[in-house]
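Asks: Okay, structure incoming, though there's no sequence with it:
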């Protein structure tokens, strides 16, 4: 079995935050200016967040690089060259590197979220990158409708170059990637020749060959391994809490570390806690006992701090599972 995810299994659980523009709990459109985004990212309280995560006792932390608005948490020359927006909507501050500098001395691993497509709410980026939403009706209204996805070869090559630049910038600072929106895998990635899942994974691992990678197919129950080129399952779930099948989920003989991602609030990055502390702790222990890993999403403020009610719940979780990470 692969050993690349051993450290992840020993962690057993971790914390995820969607920090997005124009505000951290509602992706919205592109109304925030590049200057306002820079000011917000510059004011992110890295030390304060690190102190919260240390108090919680989390072994690892995920943060979004960006999502649909076109605002990103770090510079990227390839993105700016292709999209051509001035001033850039990629922040001048490299928030990922700053988070690493704060978290690494505390023994907290850093992982990042990115999308597989262009920022869908940014029309200029969509046009310049050559991105298309693969469901009839366009983004975000085409969910569940007729699939219209195409391979988008030129887009994929540009996107891999953008991702590769971030990967090389951060190197071993980033221990893993969670890639959202891989809904059109048959059309875009399941090909023998590049671009494909293999070349996408290579771009993600360019700066750190040992980085772990997951490609998200959406909410699929039971959790699946999406491709042999991922190291752990994306495991996105919403209202249901599924049985953990064990340490591994296989696809055609390829094992990926069993991993689940869900939210503690009312939905992703928003609301009040939906579960009592005892349920969160019990389910987390269940997943860990089977050799799996679970990541909990919680709201984060513009300041970069996690909402206090969730800090308290995560402290209960941290105390309850301390030392119970899998050795499988």
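Replies: Good, I have the coordinates. Remember, predicted model here, so these are calculated numbers, not experimental data. Residues are numbered from 1 along each chain as shown.
Asks: tell me the strands in the stretch 1-150 of the chain, going along the chain?
Replies: Along the stretch 1-150 of the chain, the stretches classed as strands by DSSP state E, counting those that start in this stretch are 13-17, 60-64, 109-115.
Asks: could these be laid out in a markdown table, adding mean pLDDT, mean neighbour count and distance to residue 92?
Replies: For the C-beta atoms, the positions are set from N, CA and C on the backbone; glycine is no exception. Formatted as a markdown table, those follow (pLDDT from 0 to 100; neighbours: other CB atoms under 10 Å; distance: least, CB to CB, whole Å):
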| stretch | mean pLDDT | mean neighbour count | distance to residue 92 |
| --- | --- | --- | --- |
| strand 13-17 | 98 | 24 | 21 |
| strand 60-64 | 98 | 22 | 17 |
| strand 109-115 | 98 | 22 | 18 |
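Asks: Determine which of these approaches residue 190 most closely.
Replies: strand 109-115 (18.8 Å; CB to CB).
Asks: which stretches of the protein form helices?
Replies: Applying DSSP state H to the chain gives helices spanning 6-11, 34-42, 46-56, 77-83, 95-103, 123-129, 153-170, 185-188, 197-204, 277-289, 308-321.
Asks: just those helices: most buried one?
Replies: Across the helices of the chain, averaging neighbours per residue (mean count of other CB atoms under 10 Å) puts helix 197-204 on top, at a mean of 21.
Asks: what's the angle from that helix to strand 109-115?
Replies: Angle between the axes of helix 197-204 and strand 109-115 is 130 degrees (criterion: axes from the mean of the first three to the mean of the last three CA atoms, to 10 degrees).
Asks: what helices or strands is helix 197-204 leaning on?
Replies: helix 153-170, strand 176-180, strand 212-215 (3 or more CB pairs under 8 Å, 6 or more residues apart in numbering; DSSP states H and E).
Asks: With respect to residue 47, which of the ones you listed lies nearest?
Replies: Taking CB to CB, helix 153-170 is the member of those nearest to residue 47, at 19.6 Å.
Asks: count of neighbours near the residue lying closest to residue 131 once chain neighbours are set aside?
Replies: Nearest non-adjacent residue to residue 131, counting by CB to CB, 6 or more residues apart in numbering: residue 118, 3.5 Å away. Residue 118: 30 surrounding residues under other CB atoms under 10 Å.
Asks: what residues are up against residue 155?
Replies: By CB atoms under 8 Å, 6 or more residues apart in numbering, the contact list for residue 155 reads 117, 118, 129, 130, 131, 132.
Asks: if you set the cut-off to 7 Å instead, what comes out?
Replies: 129, 130, 131 (CB atoms under 7 Å, 6 or more residues apart in numbering).
Asks: now the residues you listed in TSV, with pLDDT?
Replies: What follows is those, written out as TSV (pLDDT from 0 to 100):
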residue	pLDDT
129	98
130	97
131	96
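Asks: show me where pLDDT drops low in the stretch 1-150 of the chain?
Replies: Along the stretch 1-150 of the chain, the parts satisfying pLDDT under 70 run over 1-2, 22-30, 142, 144.
Asks: re the thing from before, any chance of the helices of the chain in CSV, plus distance to residue 147?
Replies: Formatted as CSV, those follow (distance: least, CB to CB, whole Å):
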stretch, distance to residue 147
helix 6-11, 32
helix 34-42, 33
helix 46-56, 39
helix 77-83, 26
helix 95-103, 33
helix 123-129, 18
helix 153-170, 17
helix 185-188, 7
helix 197-204, 18
helix 277-289, 32
helix 308-321, 37
